[in-house]
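Chemist: Turn this into a model:
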Amino acid sequence: ASAQVHTSFRPCRGDSRLQPGDRLQRHPVFRAQDVHGRRSRRCRCKLRERGALGGHARDDRDRLHPRGQEGPYVPSEGRYDRHGRLRRMRRLRLSRDQERMDGSFASFRLARGGGCRGLHRVLLLWSGRGCVARACEHACPKGAIEFDPETSQGRINHKICISCGKCYAACPYHAVVYIPVPCEESCPVGAISKDEYGVEHIDETKCIYCGKCMNSCPFGAIFEISQVFDVLQSIRRGEEVVAMIAPSILSQYNAPTDQVYGAIKAIGFKDVIEVARGAEITTANETHEFAEKMAEGQPFMTTSCCPSYMEMASKHAPELKKYISSTYSPMIYTAEIAREKHPNAKLVFVGPCIAKRKEVRREGLEGKVDFVLTYEEVHAIFEGMGIEMSENLRYDIGQPSCRSAHGFAENGGVTAAVQELVAGKLDFTTLQIAGLNKKNVGLLKAYGKTGKAPAQFIEVMACEGGCISGPSVHTAYDTGRKTFINELQKR
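Modeler: Residues are numbered from 1 along each chain as shown. Below you'll find the predicted structure:
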């Protein structure tokens with residue numbers, strides 16, 4: 001099996017600079033990114049040690065200057081991501097440099113080095129008061145809890161502690177505090193764990209490429225492998241390159257859609273095609289398949305648009321696969337449309353999803369799509385090339401897609417499109433699962449094992465709120481959703 005993930009890790013060292021930033025600073029496309037949050041690791045970590053994740057975090061960070069800048073620093077728009085953290089400049093490498101001899105491709109990467117130094121202690125004993133009961137000491141299997149004979153104050157010896165959590169469960173006073181590692185805690189399928197040396201690893205056989213770990217890591221140690229350079233080099237060589245834009249683009253910029261398409265085409269793309277056109281085909285095929293399955297007596301059917309959900313079912317709930325629609329995602333159908341129009345072009349999918357990089361390499365789909373870019377990467381190209389939305393960059397795509405097809409970007413959009421198509425012809429119950437957390441993963445596993453579900457048509461999306469809150473969006477979810485609704489109403 002091909003190894004999809006690099007499992008090395010860089011520790012948070014106080015005297016090191018962000019190597020990805022140093023590497024990319026010389027590239028003209030990313031030179032403008034210097035003002036968007038690249039700081040020395042020492043500054044970023046010291047802020048967190050002083051409680052920079054609290055209410056005054058943003059003020060403290062605003063005092064940090066980008067390298068080479070003098071005088072007062074004025075924060076620029078888009079400097080913070082949707083989680084309130086400084087935007088991380090993720091390391092970008094050519095995909096061909098990441099390919100192995102067996103043809104594998106990495107979707108995620110952990111920075112090189114040792115273990116997660118910043119968050120390797122998961123149990124802390126609050127020793128502000130003396131304790132007589134000492135239930136934690138009796139529960140510890142390694143004798144890692146020590147008490148001062150004079151003050152009766154306790155502490156955990158982390159050289160001995162194995163983080164089993166027994167002291168945490170035994171203490172009746174809640175004096176033992178559990179501090180989870182963010183990436184491990186956020187992973188809904190338990191794909192991230194430490195080895196005996198404290199080094200974090202992502203298990204590719206379990207990873208579903210949802211991107212939750214990447215956004216939860218406070219140190220920016222997890223990042224996706226980018227294909228930005230591959231796309232730009234293809235354009236530079238004069239090759240025909242076509243961009244396929246996901247429906248969630250309506251949520252990313254507070255500008256008319258034709259101006260956004262024009263800005264993307266100005267990068268050097270030969271044509272711009274809406275993936276919503278493929279969503280129309282997905283709706284028709286999925287509706288027809290659903291009607292057939294219900295007629296055959298199948299208890300329920302789930303959607304198949306979300307690649308992270310498909311990975312979850314394949315790796316963690318194989319008994320659920322027979323209840324999943326066999327219809328392709330809108331990206332695949334759009335690629336077929338683009339291939340008919342531009343047979344010799346290289347096709348680039350642009351969207352908020354990291355798992356799309358895995359989907360295009362799924363068995364039977366190889367060669368459908370050549371590259372995948374995220375909204376973060378496209379916005380970085382805009383800034384590097386000085387491209388702005390304007391009246392002069394309007395681009396008419398020629399054949400606009402219907403409103404329900406663009407609704408695929410939001411939770412409930414697929415269900416609404418199917419209901420609109422079968423209005424008055426077929427009555428069925430629906431269920432929407434938006435967010436593949438541990439609870440929802442457990443529910444889906446139960447549906448597959450028992451063959452029973454509370455609804456006949458189940459729409460599943462890995463991201464809360466749908467694709468407009470994907471792991472690599474440029475605009476925060478609250479703002480993006482308002483923009484999306486406003487743009488959707490114009491169609």
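Chemist: Low-confidence bits of this structure, can you list those?
Modeler: The model of the chain has pLDDT under 70 over residues 1-129.
Chemist: ok, now with 80
Modeler: Applying pLDDT under 80 to the chain flags the ranges 1-133, 151-152, 163, 178-179, 196-198, 399-400, 424.
Chemist: Look through it and tell me its longest helix.
Modeler: Ranked by residue count under DSSP state H, the longest helix found in the chain is helix 276-296.
Chemist: mind saving the C-alpha coords of that helix as PDB?
Modeler: Written as PDB, here are the backbone C-alpha positions of helix 276-296 (Å, rounded to 0.1, in the frame of the first residue of the first chain):
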ATOM      1  CA  ALA A 276     -21.900  23.400 -10.200                       C
ATOM      2  CA  ARG A 277     -22.400  22.100 -13.700                       C
ATOM      3  CA  GLY A 278     -21.200  18.700 -12.500                       C
ATOM      4  CA  ALA A 279     -23.400  19.100  -9.500                       C
ATOM      5  CA  GLU A 280     -26.400  19.200 -11.800                       C
ATOM      6  CA  ILE A 281     -25.400  15.800 -13.200                       C
ATOM      7  CA  THR A 282     -24.700  14.400  -9.700                       C
ATOM      8  CA  THR A 283     -28.200  15.500  -8.600                       C
ATOM      9  CA  ALA A 284     -29.900  13.700 -11.500                       C
ATOM     10  CA  ASN A 285     -27.900  10.500 -11.200                       C
ATOM     11  CA  GLU A 286     -28.200  10.400  -7.400                       C
ATOM     12  CA  THR A 287     -31.900  11.000  -7.500                       C
ATOM     13  CA  HIS A 288     -32.400   8.200 -10.100                       C
ATOM     14  CA  GLU A 289     -30.300   5.800  -8.000                       C
ATOM     15  CA  PHE A 290     -32.100   6.700  -4.800                       C
ATOM     16  CA  ALA A 291     -35.500   5.900  -6.400                       C
ATOM     17  CA  GLU A 292     -34.200   2.500  -7.600                       C
ATOM     18  CA  LYS A 293     -32.800   1.600  -4.200                       C
ATOM     19  CA  MET A 294     -36.000   2.500  -2.400                       C
ATOM     20  CA  ALA A 295     -38.000   0.400  -4.900                       C
ATOM     21  CA  GLU A 296     -35.700  -2.500  -4.200                       C
END
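Chemist: Return the set of buried residues in that helix.
Modeler: Across helix 276-296, burial judged by 16 or more other Cβ atoms under 10 Å covers 276-283, 286-287, 290-291, 293-294. Every residue, glycine included, has its C-beta placed from N, CA and C.
Chemist: quick one, strands of the stretch 301-450 of the chain?
Modeler: For the stretch 301-450 of the chain, the strands defined by DSSP state E, counting those that start in this stretch cover 301-302, 346-351, 371-374, 430-434.
Chemist: which one of the ones you listed lies closest to Pro400?
Modeler: Closest to Pro400 of the strands of the stretch 301-450 of the chain is strand 346-351 (Cβ to Cβ; 17.4 Å).
Chemist: helices or strands up against the closest one?
Modeler: Here strand 346-351 touches strand 241-245, helix 330-341, strand 371-374, helix 375-385, going by 3 or more Cβ pairs under 8 Å, 6 or more residues apart in numbering; DSSP states H and E.
Chemist: If you compare the directions of it and helix 375-385, what angle comes out?
Modeler: Between strand 346-351 and helix 375-385, the angle comes out at 110 degrees (axes from the mean of the first three to the mean of the last three Cα atoms, to 10 degrees).
Chemist: okay, now the closest residue in space to Ala291 that isn't next to it in sequence: neighbour count?
Modeler: Nearest residue to Ala291 in three dimensions, chain neighbours excluded: Leu426, at 6.0 Å (Cβ to Cβ, 6 or more residues apart in numbering). Neighbour count of Leu426, defined by other Cβ atoms under 10 Å: 16.
Chemist: Wait, Leu426 touches His288, no?
Modeler: No: in this structure, Leu426 is not within contact of His288 by Cβ atoms under 8 Å, at 10.8 Å.
Chemist: hang on, the earlier thing: work out the gap between the longest helix of the chain and the centre of the chain.
Modeler: Distance, stretch centre to chain centre, for helix 276-296: 27 Å (Cα atoms, centre = their mean, to the nearest Å).
Chemist: And the contacts of that helix?
Modeler: Residues outside helix 276-296 that contact it (Cβ atoms under 8 Å, 6 or more residues apart in numbering): 247, 301, 303-305, 325-337, 399, 401-402, 404-406, 408, 414, 417-418, 421-422, 426, 428, 456-457.
Chemist: ok so, going back, and the helices and strands packed on strand 346-351, which is most packed in?
Modeler: Neighbour counts (mean count of other Cβ atoms under 10 Å) averaged over each of the helices and strands packed on strand 346-351 peak at strand 371-374, with a mean of 25.
Chemist: Please name every helix or strand in contact with that strand.
Modeler: For strand 371-374, the packing partners by 3+ Cβ pairs under 8 Å, 6+ apart come out as helix 228-236, strand 346-351.
Chemist: Tell me which residues are up against the last one.
Modeler: Applying Cβ under 8 Å, 6+ apart, the contact partners of strand 346-351 are 231, 234, 239-246, 248-249, 264, 269, 275, 331, 335, 338-339, 356, 360, 368-375, 378, 467, 470.
Chemist: ok, the closest residue to Ala434 other than its chain neighbours - how many residues close by?
Modeler: By the measure of Cβ to Cβ, 6+ apart, the closest residue to Ala434 outside its immediate chain neighbours is Asn411, 3.9 Å from it. Asn411 has 20 neighbours, counted by other Cβ under 10 Å.
Chemist: same deal with Cys187?
Modeler: There are 22 residues near Cys187, going by other Cβ under 10 Å.
Chemist: quick one: which helix or strand includes the closest residue to it other than its chain neighbours?
Modeler: In space, and not counting its chain neighbours, Cys187 is closest to Cys213: 5.4 Å by Cβ to Cβ, 6+ apart. Mapping Cys213 onto the secondary structure by DSSP states H and E places it in helix 212-216.
Chemist: just to revisit the earlier point, just the buried subset of the contacts of helix 276-296, written out for PyMOL, thanks.
Modeler: The PyMOL selection below is limited to those of these classed as buried (16+ other Cβ under 10 Å):
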select buried, resi 247+301+303+304+305+325+327+328+329+330+331+332+333+334+335+337+401+404+405+406+408+414+417+418+421+422+426+428+456+457
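Chemist: Looks like Met214 contacts Glu224 (just checking).
Modeler: Yes: in terms of Cβ under 8 Å, Met214 counts as a neighbour of Glu224; the distance is 6.7 Å.
Chemist: nearest residue to Thr334 other than its sequence neighbours?
Modeler: The shortest distance from Thr334 to any non-neighbouring residue, by Cβ to Cβ, 6+ apart, is to Gly278 (3.3 Å).
Chemist: just Asn344 next, same as before
Modeler: Excluding its sequence neighbours, the residue lying closest to Asn344 (Cβ to Cβ, 6+ apart) is Glu240, at 6.0 Å.
Chemist: dump the residue contacts of the one you found.
Modeler: Counted by Cβ under 8 Å, 6+ apart, Glu240 has contacts Lys270, His342, Asn344, Ala345, Lys346.
Chemist: how close does it sit to Pro188?
Modeler: Using Cβ to Cβ, to the nearest Å, Glu240 is found at 40 Å from Pro188.
Chemist: Ok, Thr151 next?
Modeler: Thr151 sits 43 Å away from Pro188, going by Cβ to Cβ.
Chemist: same deal with Arg277?
Modeler: From Arg277 across to Pro188, the span is 32 Å (Cβ to Cβ).
Chemist: Kindly report the same for Ile281.
Modeler: Per Cβ to Cβ, Ile281 is found 30 Å from Pro188.
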